[in-house]
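Asks: Need a 3D model of the following:
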Amino acid sequence: MSSDIAIKVENLSKCYQIYGQPRDRLKQFILPHLQQMVGQQPEKYYKEFWALKNVSFKVKKGETVGIVGRNGSGKSTLLQMICGTLNPTLGSITTHGRIAALLELGSGFNPEFTGRENVYLNGVVLGLSHQEIDARFSDIIAFADIGDFIEQPVKTYSSGMMVRLAFAVAINVDPQILVVDEALSVGDELFQRKCFSRIEAIRKAGATILFVSHAGGTVVELCDRAILLDANELLATGTPKQIVGRYQKLLYAPPEKREELREEIRSASDLANNLPIELEYQEAISTQVAQKADVEQELPDSYDPALKPTSTISYASYGATIHEPAIFSTSGERVNNLTRGNTYYYRYQVQFAHAASHVRFGMLIKTTSGVELGGGASASSNRTSLAFAESGSNFVVEFKFICRLHTGVYFLNAGVLGELNGNETYLHRLIDADMFRVMSESENLGTGVVDFSCMPSLKIET
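Replies: Sure, this is the predicted structure:
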């Protein structure tokens, strides 16, 4: 394996034997051997379920890769095989470096042992010596923050306390490869922030991170690259923004259209994979640099016809279609070069081919990397939503907002929600429906993305 590769997965597959009845398992154990002995074709008394099929990819050292996919797509199975807790049916996995896994947190604890005893037990399982655990023990206890309960049997812990302790152990083994499976949704907000902060520190130290989450914004924020799994196969790899957009489109697609959409994603992925991922990053960076260079040549509150998104993703329509998303100034002119502090209107039309009930409209603003900055909805819940939209009706949806963003390029989503088979779902949604640029200013003291109008003040004391 190349010296710069941390994880190499080749043609990986996992098959489970599913038995209709308990006695079929006994039949499978005995009868095929007897049938073979008498010259008969051995029968199978089980059905094959392939949890994962022919998956191949590489992860470079120091890279953070997110894995997304619908429930049952094989994400957890893949991580368990990489960590060695599950054996593959076919294929191979090669890893380089110590692995720390945040999978089913606390599942390896002995409920009769105290927290202290479980720290040492888990540490040994993760490959640490007794002396190494001694050196890390105070850090583990401080991170878990469970107080005197560390000396009590784990069976007396709440589920939250157990997860905190398990996370604290796994995160303090100084891993070269960190594998995370939805573990960041545990605990309260303060503990989650501490977890994210520690993972970021591990990442900056050069560790490789493999990260599974259903939260697209988290994948975009944390990861360098993303992988889409669906129906137990790897459909696509690419930038987090691209992959999360395809995943969300697949998530809300009607069942009868999913195979067609999967083939569309496969084809797009094949074209994208002809270019090295590094080249894709370079092109994206070059585009942003060019956009910034053009800023000074544009007039504030103007419209640039060349500033159009090429990354638009349209969800499947359930009787509603979004048209003509655009931004307008207070004077009614269409614009996409905006000035910080000015007021604008984001407007789009929705046509209903079928009647819909409990309708809500929404918008979202994101960065070029896909980080969700904020948005709005026409109603906070079904109780205050539009009760009914007639078939053939057309609505003009308008959101008023003050541009509080610093210089850069941003993208807008548009969506319409309604009741379908008793559940609220997207009747239509456009990802990256429109885009805009916030103009540069010669005297802008703000930092980051959002303008909080922080006015600096200096006081000199002698």
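Asks: Helices along the stretch 201-350 of the chain, start to end?
Replies: Under the criterion DSSP state H, counting those that start in this stretch, the stretch 201-350 of the chain contains helices at 216-222, 240-251, 258-272, 277-295.
Asks: Just the C-alpha atoms of the shortest one, please, in PDB.
Replies: Taking Å, rounded to 0.1, in the frame of the first residue of the first chain, the C-alpha atoms of helix 216-222 are listed here in PDB:
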ATOM      1  CA  GLY A 216     -25.500  16.900   5.800                       C
ATOM      2  CA  GLY A 217     -24.300  20.200   7.300                       C
ATOM      3  CA  THR A 218     -22.000  18.400   9.600                       C
ATOM      4  CA  VAL A 219     -20.400  16.400   6.800                       C
ATOM      5  CA  VAL A 220     -19.900  19.500   4.700                       C
ATOM      6  CA  GLU A 221     -18.400  21.400   7.700                       C
ATOM      7  CA  LEU A 222     -16.000  18.600   8.900                       C
END
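Asks: Please shift the residue numbers so they start at 208 in all later answers.
Replies: Got it, the first residue is 208 from now on, which makes the last one we talked about helix 423-429.
Asks: buried set for it?
Replies: By neighbour count, and taking 16 or more other CB atoms under 10 Å as the criterion, the buried residues in helix 423-429 are Gly423, Thr425, Val426, Val427, Glu428, Leu429. C-beta: built from backbone N, CA, C; applies to glycine.
Asks: nearest to Tyr525, of those residues?
Replies: For these, the residue nearest Tyr525 by CB to CB is Gly423; the value is 20.7 Å.
Asks: Which residue is the nearest non-sequential neighbour of that closest one?
Replies: Val451 (3.9 Å; CB to CB, 6 or more residues apart in numbering).
Asks: Give me the neighbour count for that neighbour.
Replies: Other residues within reach of Val451, judged by other CB atoms under 10 Å, total 26.
Asks: swap in Ser336?
Replies: Here the count is done by other CB under 10 Å, and Ser336 has 10 residues near it.
Asks: What of His303?
Replies: Other residues near His303 come to 17 when the count uses other CB under 10 Å.
Asks: What residue, apart from its backbone neighbours, is nearest it spatially?
Replies: Setting aside the residues directly before and after it, His303 is nearest to Ala213 in space (CB to CB, 6+ apart), at 5.4 Å.
Asks: And for Lys573?
Replies: That would be Phe618: by CB to CB, 6+ apart, it lies 4.9 Å from Lys573.
Asks: Quick check: buried residues in the host helix or strand of that neighbour?
Replies: Assigning secondary structure by DSSP states H and E places Phe618 in strand 615-627. Counting neighbours by 16+ other CB under 10 Å, one finds that the buried residues in strand 615-627 are Gly615, Val616, Tyr617, Phe618, Leu619, Asn620, Ala621, Gly622, Val623, Leu624, Gly625, Leu627.
Asks: My guess is the third one contacts Glu579. True?
Replies: No - taking CB atoms under 8 Å as the definition, Tyr617 is not a contact partner of Glu579, at 11.0 Å.
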